[in-house]
Each structure stands twice: as structure tokens, then as C-alpha cells.
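Engineer: can't give you the sequence, but here's the structure:
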């Protein structure tokens, strides 16, 4: 009896003492930037393998490539580990001079030999990232001849064609595939299975040893990533005072938007990276928080399957473009998430149409009806429409379907998980598809070479990496046009050619682009200063608290 | 497995009874788990989710896609894939989790202790609050305390944990500042203590880092209480009904007539008799908590088992899903066995 009473009393005491146990510590450490994000997709830090946006964002602060896009104007190229570069007369040989003072975090010297090895292994491993080299003629078999370190500070790349310098720098040499890893450590820790080396893939997965402003200190999957300042970084001359002010960068895995909002309101985090529209709206009136919006080089768009007899008609596809209230969506459903745009080249990319010319369509049901009648379908038709179940996709699809119904087009919506949707898209199993895409580099070529060009429309070609192939749409004129623009070395002419392709695609293409993705990040403005957000990644080196 | 091996020995009839019992139990466990895994595997493979995309990325070339497809063995017939999985699993190898890139076993070592910590905290609340409340409700049936207990129980049952979690954070974390926010620790305390057992509370206590312990406690209180609230509702309702059944029995009246005090009869006689049933209820409640609570783990950014399993499912990652299924199966089987053993210990009639 006595014993039970004690147990009961202590249980109650425990339950009551809980809430007042220990008040949470407010504010974040002065030398540490604390961010909340969703780290679910993060599976590796090996630059040869990273294929998703979070990993890329982090690795850009750990490993420097040869050159980089300027953060506030990504159509410009700036030096990183290369201090200068030159191209041969015939345009087939690129020579990069590396900085003389490159060091790994341990203080060990980093050389062009490390870099050449780092690039070779990208080709040998053959993950998705290797496409950033293979599509420019580099190959696994010839890697050692194509990318050569001629001395400790010189890297020579032999190209298969004389690509315009701006394009090849932006697409291949500013990419993660030129990030400089430690060759000695990579070879020492390489695992060999069935006679095949992993080139240090398993080793670098959690601990990439790179030349960059920060190094990975801790990574607990789905929990936390901690970066620590690399005190042997060459780039410190660029910062006032010689070093980035922040010693540590902490990413906390907080998958729930509402929880992130509470944390930033309270000051337990400095930056909230993944907030939904409602939470962003609520935070916009908080005087301590600033919401920074950046246009990213990605789109949400409709794809029409041109193998379908009705949807193969360009007029039918054109009619769809008038069924969307871009302005209305921009103010409601996609506020903070996107900016309406119809041209396939994103604002900010080299040779993109300007804002006005890139958004020629608006909601106009009469016009849509008229075009549909001209196409031979005055009574409309029925089609299936598949989309991701994730926000904000469903309300956009419902909006389009409601407008389509007004002109007699019946769209039957089917929502699904992303993994399923991607599979359907890659297998051409759809009539109308609503999906997203991210451009790889800030040049018109990035989108046009995948969304407009279709090298081989046969089903057995299986060019699933081309959205144009997925839509079964091919236009030989566009193929030739795009190839000519890609190889044009006169910048003015090249820009003009891409403008023409964009205009043509607006009217005739197999896709209807709805909006360009916007990244909205909430920042404690009373705490964090000089936080640099680019369309491809965020740089922390300059941030101060 | 020893029992199984011995069961195949040449003279099975002469085996002592405990070996035969062991063989019977062991073989039924193995069949149950195999059935569970088989079902999960085949249903999982029928889901229209492509695990290859999770690895190569949606924009990958078909050649890369095909290469990984082969590497994963997806080109082999389903039963062969299942066979390989069982073979590897027997040697303790659950393979790679595709969506984290780690070995499944390493992932489980990380996520499972986080869930055990949370579930144990919750079940303590469930038991230490739920049982007394249920007892009181039964003894004072129809009185105010019974009504209050019923209402609280109803709220515990019916409130969505996701909503409760967010409301809890808004009130106790954001407004009042009584508890820590999402995550297991504040940023100051991350990486201070090396995780040995995987439980931050235990590891910090062992290391004597009491600041870390207090901080970890402030972080677990809210999610633990919310999960505990739901178990408490269940346990208190069950306790009440078991108790009511006992209180109506003649032996209770007889004991009272003998002159024993009311509470002595309740604790010494009636409670002992419901203990056996109660243990089953508690074991079940604990098993459900150990499966992981996806929504609570999401709201509180708790890197636990439930979220891991869900993420694995959504990525079509059968290695991770099957390993998790096996663990859940083992938990249920293990807790059932344990409660069977406790029956024997506590109830003389079962001996």
C-alpha cells in the first residue's frame, strides 16, 4: 500500500516537474549560423554523386570548383580555384592556371594533379553528375587524355568541339564536377570490389576533403549537418578581416514548416529554409524577420503528349496557355513559391527573354475557345491529367481543369507521389502532365538542349533525360537551330538565336510553362547580415552575425 | 535457432518438454516473421514507385538508370530478389538503404534508439498516470473524477497528434518557453556528448554532462508527453473496465465484510487480479509506440524510426522497409512472449 502511494506520488511529481524542468536556451551562438531545412534528400557529400539541391547547396560551401557564376548575376563567370584561363585559337584547348596557394583543410598543398584526378573519377564513377562532362564530349575511356595536369598549377582540357567559352565554362567548369578533392586520401581510402575501385566514393560520402571555405564536421542523417571553417582557405583575402566571421554553420533537419516558423520567431534558428506559403505570409509581418525571395532556374509546367492525336496539334496546346490565370496564381497559390513565366529560359540565365516578352499569355477563355475551334475541336475533348500530390500542385491543376471545363475540355485529374509521377513521365505514360524541372546551368542552352531539342524520338531511344522526348515531340528545325546557337562563338549572334528559339517554342512547343520557381528564405534580420543567396545555392562565407 | 536445430535431432520423442515448447514457439515465430517479410516484400514491389529514380535523380540518362537498375538486382525475378534478401538477412546484412546511402543496419542503430527513448518516456507517463487514473475512475464510478477521466481519455484518443504537437509547441515552447523546441538538443549542446547507447538522456547522464541532460529532457518532455497522453488514455480506460469487473466480484465483498479497508481490498486483492490483463495492454501500447510515431516525429524533428520507415516506403526502398518490418515483427513477438512469461510469474493458475 505504502509503496504504491510512493510510486503514484513520484509519478505525478515527475509529470508535473516535466514542463518546468529546464527552460530552453534562447538565441544562437554568436559565431554560428543555425539554419532549419529538410535534409531528407541528402544522401552523399561526394561531388561526383550529388544529384539534389540540398547537397549541392552545402557542397558549394565546402568544395570550390574551377570557376563560379557570380552570385548576384549568374550569367557572369568569376574565378575560384583557377585564377585565370585561356582558350586556344581553334577553340579546342582550354588552359586553367590554378591559384598558387591552394590548401586542403589540413594545410596540405592542393595541386592541379588533385583536380585532374577529381575530374577523372567523376567520369569513371558515372553517376548522374558525370553528364555535366559527358555532354561536352568528355568520356570515361579518354578521361586521362582529355583532362591533363601539365604541372602543379596548370590544368588543360581538350574539347571535342570549339564551344563558346561562356557556355562551356558555365556548363562544365563552374559545375560541381570540377570541385577539387584530395587525391592521396581518395586513393588511400578507395574500396575495391570485383576488381573495380570506388575511387574514394564511400570515403568522401561523409567527409569530402576539399579546397573550400568550410569543411564537413558532423553529419547525422536526417538530424544535423555541421560545417566548420577551413582555416587554411585561400579565399580569405576576399573577406574583410581575413576570415569569414562565422566559425560554424549548422543545418538542423526540421521537416515541418510550422515548427521552423516557431523556431525562427523565437530566435532558436537564424534562417528558415523551407517554409510553406502560409507560414511565409505570417512571418512577413514579423519585424525581426526578413523574407528573401530569389528566382531559381527551375519551372513548373505542363507537358502535352504529342503522340496523342489531339494533343499533337500545336493549336490545341496553344489554347491551353490561355486557360491559366498567371497573375491570379502569382498572387495566391504560388505567392512566395514562384513567378509566372511562359518562356522556357529562366530569368537570370544567359540569353533569356526579358520579363515582359517571357510572359505573353494571360487568362483568356474566349481566345482559348476560338483557337480550339480553329484546331477542329469546338466541342472540346477529354484527357487525363497527372500531377504530384505535393503543394502547390493540386490547386494549380484544379484551377486549370476548372477553366478547361468552361470551354468544353474535360480534364480528369490524378494525383500521385513524386516517385510515381517521375516514372510515368519517363515512360511517356500520360496525356497531360504537370511537373517541375531544374536547369543545370545559367545559360539558355541548359533548358533548350533538353526541352526543345529531341535528338531521337523513337521509343526505343529511351532519351528519358529529355523532357522533349518524354512528350514525344520533335522538330528538326529546332534541333538544327539549337545546335547552331550552341556552337556560335559570337555572343551577340548567339543571344539573338536563342531569343528566336524561345519565341518559336512559346507558340509551338510541347510544354506550357506556368511559373519559374522562387526560393523564399526567412532570415532573422536582427542577427544575420550579408547572407548571399544565389539561384543555385547560398553562400555563407560572407555572412556575419 | 538452437531449439530448431535440436528439434531435427534423431530422437525427437525423447526431448525434454522445455525443448519441445521452445521448438514450437521458435518455429511459429520464424514462420510468422517470414510470412510478414514475404507479404511486405511482394506488396512493396507491386507499388508503382521506382527506387532507381531516388538514386540517380529524375533527370538522369537512361544508361545511368539501367546501370543502377541492374546493380540493385531489379532485373531478376521477384522470388529470386526475395531469396537473396532472406539469405543476406540471415547473415545480418540488410543491405544498403538507397534513400540515405548508408547500410540499413547503421541507419537503424541511429534511428531506433531515438524512438526507444521517446517511446519509453511516453509509456512511463501512460502507465504512471493512466493506471492510477483508471483505478480512481473505477472506484468512484459515475462521480466527478470518472467523468473527468473519461473526457480526458476521449481527448487523448481523438485529438490528431499532429495538431496536438503543433499546439503544444505554440504554447509551451513559443509562448511560455517552458520546454525545448523541435530536435533532440539545442544547438549549443549538439556534439557535446558522444552517443554510446543512442539515448541522449542516458549518454549525457553517464558522461556526467548534466547541462546536456537537462536540455535533452526539456526537448523530450513535450513529444513524450503528447505520445504518453494517447497511451494514457488507452491504459486508463482499460484499467477502469478491468477494475470494474473485479470490484463486482463476490470475493471483494467478502473481503470487505471481513473488515479489510476499502483501499487494502482494492490494491491487495482486486489490483493483483487485473495485473495480468493490464500487462498485456501495456505491452501492446509500448509496441505501438516503438513502431514510431511518424507525425509526432515530423513535428518535433525527432530523427526516429517512424519517419525512417515512412521515408523508406515513399522512396520505394525495400531494403529499409523490410528491415523495419522485421524489427516491428520482432517487437510484437518479443513483447508478446514477455507478457506470456510474466503471466506465468504473476498468475499462479497458469503454472
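Structural biologist: Received, thanks. Given the structure is predicted, the values throughout are model-derived calculations rather than measurements. Numbering: from 1, shown residues only, chains lettered A, B, ... in the order given.
Engineer: CA atoms for contacts and neighbours, from now on please.
Structural biologist: OK.
Engineer: So which elements touch the lengthiest strand in chain A?
Structural biologist: As assigned by DSSP state E, the longest strand anywhere in chain A is strand A:289-304. On a contact count with 3 or more C-alpha pairs under 8 Å, 6 or more residues apart in numbering or on different chains; DSSP states H and E, strand A:289-304 meets helix A:277-283, strand A:432-438, strand A:511-524.
Engineer: what's the first one in contact with?
Structural biologist: The set of residues external to helix A:277-283 that reach it, using C-alpha atoms under 8 Å, 6 or more residues apart in numbering or on different chains, is A:257-258, A:261, A:289, A:291, A:333-337, A:520, A:522.
Engineer: Identify each buried residue in it, please.
Structural biologist: A:277, A:279-280, A:283 (16 or more other C-alpha atoms under 10 Å in any protein chain shown).
Engineer: Can you lay out these as JSON lines showing pLDDT?
Structural biologist: Formatted as JSON lines, the buried residues of helix A:277-283 follow (pLDDT from 0 to 100):
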{"residue": "A:277", "pLDDT": "87"}
{"residue": "A:279", "pLDDT": "93"}
{"residue": "A:280", "pLDDT": "94"}
{"residue": "A:283", "pLDDT": "95"}
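Engineer: Closest to chain B out of these?
Structural biologist: Proximity of the buried residues of helix A:277-283 to chain B (C-alpha to the nearest C-alpha) peaks at residue A:279, which lies at 13.0 Å.
Engineer: Then residue A:215 would be within a strand, right?
Structural biologist: Yes. Under DSSP: H, G, I helix; E, B strand; the rest coil, residue A:215 falls within a strand.
Engineer: Let me know the pLDDT of residue B:8.
Structural biologist: On the pLDDT scale, residue B:8 is placed at 52.
Engineer: Does stretch B:138-148 reach chain A?
Structural biologist: No. For stretch B:138-148, no contact with chain A is found by C-alpha under 8 Å from any C-alpha of the partner chain; the gap never falls below 16.0 Å.
Engineer: Can you say which of the helices and strands packed on strand A:289-304 is packed in most?
Structural biologist: Among the helices and strands packed on strand A:289-304, strand A:511-524 has the highest mean neighbour count (mean count of other C-alpha atoms under 10 Å in any protein chain shown), at a mean of 24.
Engineer: need the helices and strands packed on strand A:289-304 in TSV with distance to residue A:209, can you?
Structural biologist: Shown next, in TSV, are the helices and strands packed on strand A:289-304 (distance: least, C-alpha to C-alpha, whole Å):
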stretch	distance to residue A:209
helix A:277-283	36
strand A:432-438	28
strand A:511-524	29
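Engineer: lowest-confidence stretch among the ones you listed?
Structural biologist: When the helices and strands packed on strand A:289-304 are compared on mean pLDDT, helix A:277-283 scores lowest, with a mean of 92.
Engineer: Distance from that helix to the middle of the chain?
Structural biologist: Offset of helix A:277-283 from its chain centre (C-alpha atoms, centre = their mean, to the nearest Å): 23 Å.
Engineer: Stretch A:516-524 now?
Structural biologist: Its chain's average C-alpha position is 14 Å from that of stretch A:516-524, according to C-alpha atoms, centre = their mean.
Engineer: Outline the domain layout of chain B.
Structural biologist: Chain B breaks down into these domains under automatic domain parsing: B:32-90, B:113-306.
Engineer: Repeat that for chain A.
Structural biologist: Annotated domains of chain A cover A:1-38+A:213-288+A:525-545, A:64-199, A:295-519 [automatic domain parsing].
Engineer: Any chance of CSV for those, columns distance to residue B:96?
Structural biologist: As requested, the domains of chain A are exported to CSV (distance: least, C-alpha to C-alpha, whole Å):
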stretch, distance to residue B:96
domain A:1-38+A:213-288+A:525-545, 14
domain A:64-199, 15
domain A:295-519, 19
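Engineer: Residue B:193: what's it in contact with?
Structural biologist: Contact analysis of residue B:193 by C-alpha under 8 Å, 6+ apart lists B:200, B:203-204, B:207, B:209, B:212.
Engineer: what's the average pLDDT for stretch B:150-166?
Structural biologist: Average pLDDT, stretch B:150-166: 86.
Engineer: Contacts for it next, please.
Structural biologist: Stretch B:150-166 has contacts (C-alpha under 8 Å, 6+ apart) with A:258-259, B:222-223, B:226-227, B:229-230, B:232-234, B:236-237, B:295-296, B:299-300.
Engineer: This completes my enquiry, with thanks.
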